[in-house]
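Novice: okay, here's the prediction I keep looking at, along with the sequence it came from:
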Amino acid sequence: MSDARPYLERFFEGELAEIGGCLRCRGARVWNGGELRMAFQPIVDVARGEVFAYEALVRGAGGEPAGAVLATVTEEQLYGFDQTCRVLAIDTAQRLGLRARLSINFLPNAVYEPATCIRLTLAAAHKVGFDPQRLVFEMTEAEKIRDPQRALSIVRDYQNRGFLTAIDDFGAGYSGLNLLAEFQPQLVKLDMALVRDIDRHRARQAIVGGVLGTCSALGVRVIAEGVETRAEYDQLRAMGVTLFQGYLVARPRLEALPEPDWAALA
């Protein structure tokens, strides 16, 4: 007989209340919106010839894409959804034998107080034996940040704990350079709209060149995501990018760690 309890209750086996959490999160701790699964896609460092990290991408029970899943999440469910995705990503990655970094997307509007909201993440890593120092937290700028100061406190708290932080979808969404000026993460992921056809789009080349110069001055590494063609890769590589993610490297796979296509990058 299958266990009908929400995932977090099953994973922590009755220890959920003891782990603790912020008072505002009580009553919203467990995601009840249906089963979730994780797909993974590699981010490669072509200068070193190795996988830099695998990004965990949420999927529905039947493999439905992230957009379809996120469309069902209500404001009241944000915290439980965010916490469930973190724990599920760590649990699945460890089960698959991941040895590289694990990049997890987080919702800044779902984190009330970073030191307490991180407890389930750390407890999950401890439970399955995953080194939390291999975690990367991606904050997407596609979500409008309602409280910038709280978001800044989250990033600083995560960095102080030794986690890498990243701005996802940079160049799209709400914040752009203002977000980079305030948060200064270790990583910035260029939005795929800037990457697409960059080999024959002078305006995108100029914009990305400016971003690369700014990030270099700030000591921030740049990841080109959504790279699909060899021409895009060659252009970005010539501009100094060394971290890549996209279909040219490998497509995401559900509950698996796809091997990068190193021949396509040779």
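Specialist: That came through, no problem.
Novice: quick check: which ranges of the protein have low pLDDT?
Specialist: 1-2, 20-30, 112, 141-146, 173-176 (pLDDT under 70).
Novice: what segments of the stretch 101-250 of the chain are helices?
Specialist: Ranges of helices in the stretch 101-250 of the chain, per DSSP state H, counting those that start in this stretch, are 114-117, 119-128, 148-160, 177-183, 192-195, 202-218, 230-238.
Novice: just the buried residues of the last one, please?
Specialist: This means helix 230-238. By neighbour count with 16 or more other CB atoms under 10 Å, helix 230-238 contains the buried residues Glu232, Tyr233, Gln235, Leu236, Arg237. Quick note: C-beta positions are derived from backbone N, CA and C, even for glycine.
Novice: what of the third one?
Specialist: When neighbours are counted by 16+ other CB under 10 Å, the buried residues of helix 148-160 are found to be Ala151, Leu152, Ser153, Ile154, Val155, Asp157, Tyr158, Gln159.
Novice: mind putting those into CSV with distance to Ala203?
Specialist: Below are the buried residues of helix 148-160 laid out as CSV (distance: CB to CB, whole Å):
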residue, distance to Ala203
Ala151, 30
Leu152, 31
Ser153, 36
Ile154, 33
Val155, 30
Asp157, 37
Tyr158, 34
Gln159, 33
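Novice: hang on, the earlier thing: let's have the buried residues of helix 230-238 in CSV, adding distance to Leu257.
Specialist: Formatted as CSV, those follow (distance: CB to CB, whole Å):
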residue, distance to Leu257
Glu232, 24
Tyr233, 21
Gln235, 28
Leu236, 24
Arg237, 24
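Novice: wait, what's in contact with Glu255?
Specialist: Glu255 is in contact with Arg37, Met38, Ala39, Phe40, Thr92, Leu96, counting by CB atoms under 8 Å, 6 or more residues apart in numbering.
Novice: any idea how far Val155 is from the third one?
Specialist: Right, the one you point to is Ala39. 25 Å (CB to CB, to the nearest Å).
Novice: closest to Phe81 out of the buried residues of helix 148-160?
Specialist: Set against Phe81, the nearest of those by CB to CB is Ile154 (16.5 Å).
Novice: hang on, the closest one packs against Ala110?
Specialist: No: applying CB atoms under 8 Å, one finds Ile154 not in contact with Ala110, separated by 10.1 Å.
Novice: quick one: residues contacting Ile19.
Specialist: By CB under 8 Å, 6+ apart, the residues touching Ile19 are Phe12, Arg119, Leu120, Ala123.
Novice: show me where the protein has its strands.
Specialist: Assigned strands in the chain, in chain order: 36-45, 50-60, 101-106, 135-140, 164-170, 187-190, 221-224, 243-244, 253-254 (criterion: DSSP state E).
Novice: tabulate these (TSV), appending mean neighbour count and distance to Gln77.
Specialist: Output for those, formatted as TSV (neighbours: other CB atoms under 10 Å; distance: least, CB to CB, whole Å):
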stretch	mean neighbour count	distance to Gln77
strand 36-45	22	12
strand 50-60	21	13
strand 101-106	24	15
strand 135-140	24	17
strand 164-170	24	21
strand 187-190	27	26
strand 221-224	24	29
strand 243-244	24	33
strand 253-254	14	23
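Novice: will you turn those strands into JSON lines that also has distance to Leu180?
Specialist: Shown next, in JSON lines, are the strands of the chain (distance: least, CB to CB, whole Å):
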{"stretch": "strand 36-45", "distance to Leu180": "19"}
{"stretch": "strand 50-60", "distance to Leu180": "20"}
{"stretch": "strand 101-106", "distance to Leu180": "17"}
{"stretch": "strand 135-140", "distance to Leu180": "11"}
{"stretch": "strand 164-170", "distance to Leu180": "6"}
{"stretch": "strand 187-190", "distance to Leu180": "7"}
{"stretch": "strand 221-224", "distance to Leu180": "11"}
{"stretch": "strand 243-244", "distance to Leu180": "16"}
{"stretch": "strand 253-254", "distance to Leu180": "31"}
